[in-house]
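> Below are the sequence and a predicted model; questions follow.
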Amino acid sequence: MKLNPISPFCYEIPRTGDMRVPGRIFMSRRMAAGLSEEEALKQVANVATLPGILTAAMAMPDMHWGYGFPIGGVAAFDWKTGVISPGGVGYDINCGVRLAATGLEEKDIRPVAERLVTALFQNIPTGVGSTGSVKLSVKDELKVLKQGGAWAVRQGLGDAVDVERTEDGGCMAEADPSVVSQRALERGLKQLGTLGSGNHFLEVGVVDEIFDEDAARAFGLFENQITVLLHTGSRGLGYQVCDDSLAFMNKHVKTLGIRLPDRQLACAMIRSPEGERYFAAMACAANYAWANRQILLHRARETFQQVLGIGPRDLDMHQVYDICHNIAKRETHIVDGNPRDVCVHRKGATRAFAPGHAAVPAAYRHVGQPILIPGDMGTASYVLAGTQKAMEESFGSTCHGAGRVLSRKAAKKQSKGRAIHRELADKGILVKWSGRSTLAEEMPDAYKDIDQVVESVHGAGISKKVARLRPICVIKG
DNA sequence: ATGTTC
């Protein structure tokens, strides 16, 4: 695939064949030189052929191959003439990240780290098919799908301010539980408040370095501060919503009469019964994910208090922000100088709204929206802030994480004979996990260098570095 | 990512 540098941190796939717009990849020269993502680049070009796509099919430096659309991809479609596609969101609808800061410092946690990680692992169900964190009736589940994070707070599983510091207030109003299948409801019934598996985790970390004092102060972050970072999504419910939607979209797309370069790009006009049905079901799964992360934060608060023998006031575990990185949203963006109503697909990409945007919580509005970028479990995670340049160049979007370089299979092979948990322990990172091959599949070597990913988006100007976090304890599924 | 191939 031919890539033309159009600026020091942006490369273009020129328009050819059925492409309606070019492709655009945000990455440093160094990452471009090491790029071996031919299949993912082809997927960017494929997305560029879809009806109603605006400006360019975009990808972030953490891009890799995904279902139809690349992971690390951003695609915005005109609301009236464009399409919506489950492949542009991903199977784990509203997979996302939540960060809480505490009143504690590293010295308060080091002596109890072993007990803390053990207690977190006991109190939070992990792994494929994990259940049992909260008891839910079907009636309550429908409320979760409609209300999102606020439902959990109403149950006493969090604070009102948690919801205020969540993207979209932890709720997409377009949710319509009547379009969610019985099977999806069944899968969701017992999984609320569970972590899941794969790259999902809950991590106790420490603020390692501050890059932007003003933004860090606004976000309530200071050096040596203990943080909790958690990464999970909508579990089996979201997976089932995606699966159900792909089934009816595949049927529907045959009636559209458009030629798709890949059947995994199955889609519908946004303003069609099929498009609206997917959007309404997707929003339900998004709300479920926000309730899920809300409950996990509550479990973390309970566990810290139990292990440290302190009350909520001394713990002071307060939410910094919660973002989604697998979602489609209705947003207004300036396109060719005019405001346009668009449907932005972010799949393995994060919203990065600029200072002054009304969707950014008031306390953060002068510095921009917080962005949470988890690294692999052996290195670091980053807090960034949204920028005006992101509004202008990437539909208010940035990267989402390190991005895989090794397939799960390849990672397992490379880890043979190694004790990954010991390698991490040598770096001062305690890890507890449930899946037989989780640690091998998720080992640091399986991921790109998070520092390079973050330098790319910082260099491109689509977000700016605020702080780096270093892990101390990690639980995984 | 996923009751990891209803």
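The structure has been received and is ready for your questions.
> switch to C-alpha atoms for all contacts and neighbour counts from now on
Noted.
> List the buried residues in the lengthiest helix in chain A.
In chain A, with assignment by DSSP state H, the single longest helix is helix A:273-308. In terms of neighbour count (16 or more other Cα atoms under 10 Å), helix A:273-308 has its buried residues at A:274-305, A:307.
> Do it and DNA strand B come into contact?
No. Contact of helix A:273-308 with DNA strand B is not found when judged by Cα under 7 Å from any atom of the strand; the minimum separation is 10.0 Å.
> contacts for the helix or strand following that helix?
Next along the chain after helix A:273-308, taking DSSP states H and E as the criterion, comes helix A:312-315. Helix A:312-315 has contacts (Cα atoms under 8 Å, 6 or more residues apart in numbering) with A:102-104, A:301, A:304-305.
> Let me know the closest of the residues you listed to DNA strand B.
Set against DNA strand B, the nearest of the contacts of helix A:312-315 by Cα to the nearest atom of the strand is A:R301 (21.9 Å).
> can you give me the strands in the stretch 251-400 of chain A?
Under the criterion DSSP state E, counting those that start in this stretch, the stretch 251-400 of chain A carries strands at the ranges A:268-269, A:318-324, A:326-335, A:338-347, A:350-351, A:370-373, A:381-385, A:397-398.
> Single out the most deeply packed of the ones you listed.
For the strands of the stretch 251-400 of chain A, the largest average neighbour count (mean count of other Cα atoms under 10 Å) is found in strand A:397-398, namely a mean of 34.
> Who are the packing partners of it?
Counting contacts by 3 or more Cα pairs under 8 Å, 6 or more residues apart in numbering; DSSP states H and E, the secondary-structure elements packed against strand A:397-398 are strand A:350-351, helix A:388-393.
> again, only this time at 7 Å
In terms of contact count using 3 or more Cα pairs under 7 Å, 6 or more residues apart in numbering; DSSP states H and E, strand A:397-398 is assigned the packing partners strand A:350-351.
> The strand it packs on packs against which elements?
strand A:397-398.
> tell me what whichever helix or strand comes after the strand it packs on is packed against?
Once strand A:397-398 ends, the next helix or strand along the chain (criterion: DSSP H and E) is helix A:408-414. Applying 3+ Cα pairs under 7 Å, 6+ apart, we find helix A:408-414 packed against helix A:438-441.
> Any idea how far the helix it packs on is from the middle of the chain?
20 Å (Cα atoms, centre = their mean, to the nearest Å).
> pLDDT of that helix, averaged?
Computed over helix A:438-441, the mean pLDDT rounds to 95.
> Please point out which parts of it sit buried.
When neighbours are counted by 16+ other Cα under 10 Å, the buried residues of helix A:438-441 are found to be A:438-441.
> Stretch A:312-328 spans what distance, first to last residue?
For stretch A:312-328, the separation between the terminal residues is 36 Å (Cα to Cα, to the nearest Å).
> Just put the strands of the stretch 251-400 of chain A in a markdown table and tack on distance to A:Q147 and mean pLDDT.
A markdown table is the format used below for these (distance: least, Cα to Cα, whole Å; pLDDT from 0 to 100):
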| stretch | distance to A:Q147 | mean pLDDT |
| --- | --- | --- |
| strand A:268-269 | 26 | 96 |
| strand A:318-324 | 16 | 98 |
| strand A:326-335 | 17 | 98 |
| strand A:338-347 | 22 | 98 |
| strand A:350-351 | 21 | 98 |
| strand A:370-373 | 23 | 98 |
| strand A:381-385 | 27 | 98 |
| strand A:397-398 | 25 | 98 |
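> so can I have JSON lines of those showing distance to DNA strand B?
Below are the strands of the stretch 251-400 of chain A laid out as JSON lines (distance: least, Cα to the nearest atom of the strand, whole Å):
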{"stretch": "strand A:268-269", "distance to DNA strand B": "21"}
{"stretch": "strand A:318-324", "distance to DNA strand B": "13"}
{"stretch": "strand A:326-335", "distance to DNA strand B": "10"}
{"stretch": "strand A:338-347", "distance to DNA strand B": "12"}
{"stretch": "strand A:350-351", "distance to DNA strand B": "15"}
{"stretch": "strand A:370-373", "distance to DNA strand B": "14"}
{"stretch": "strand A:381-385", "distance to DNA strand B": "16"}
{"stretch": "strand A:397-398", "distance to DNA strand B": "18"}
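> Which among those strands is found nearest to A:I124?
strand A:318-324 (18.4 Å; Cα to Cα).
> Which elements pack onto that closest one?
Using 3+ Cα pairs under 7 Å, 6+ apart, the elements in contact with strand A:318-324 are strand A:96-105.
> What residues sit buried inside the helix or strand following the strand it packs on?
The first helix or strand that comes after strand A:96-105 along the chain, using DSSP H and E, is helix A:106-109. Residues of helix A:106-109 classed as buried: A:106, A:109 (neighbour count, 16+ other Cα under 10 Å).
> beta partners of A:K432?
Beta bridges link A:K432 to A:I475 when assigned by DSSP bridges.
> Quick check: it touching A:I472?
No. In this structure, A:K432 is not within contact of A:I472 by Cα atoms under 7 Å, at 11.7 Å.
> Who has more neighbours out of these two?
When A:K432 and A:I472 are compared on other Cα atoms under 10 Å, the one with more neighbours turns out to be A:I472, at 26 against 19.
> Provide the secondary structure category for that one.
Here A:I472 is recorded as strand under DSSP: H, G, I helix; E, B strand; the rest coil.
> pretty sure it is in contact with A:G205, am I right?
Yes. Contact status for A:I472 versus A:G205: in contact at 5.1 Å, counting by Cα under 7 Å.
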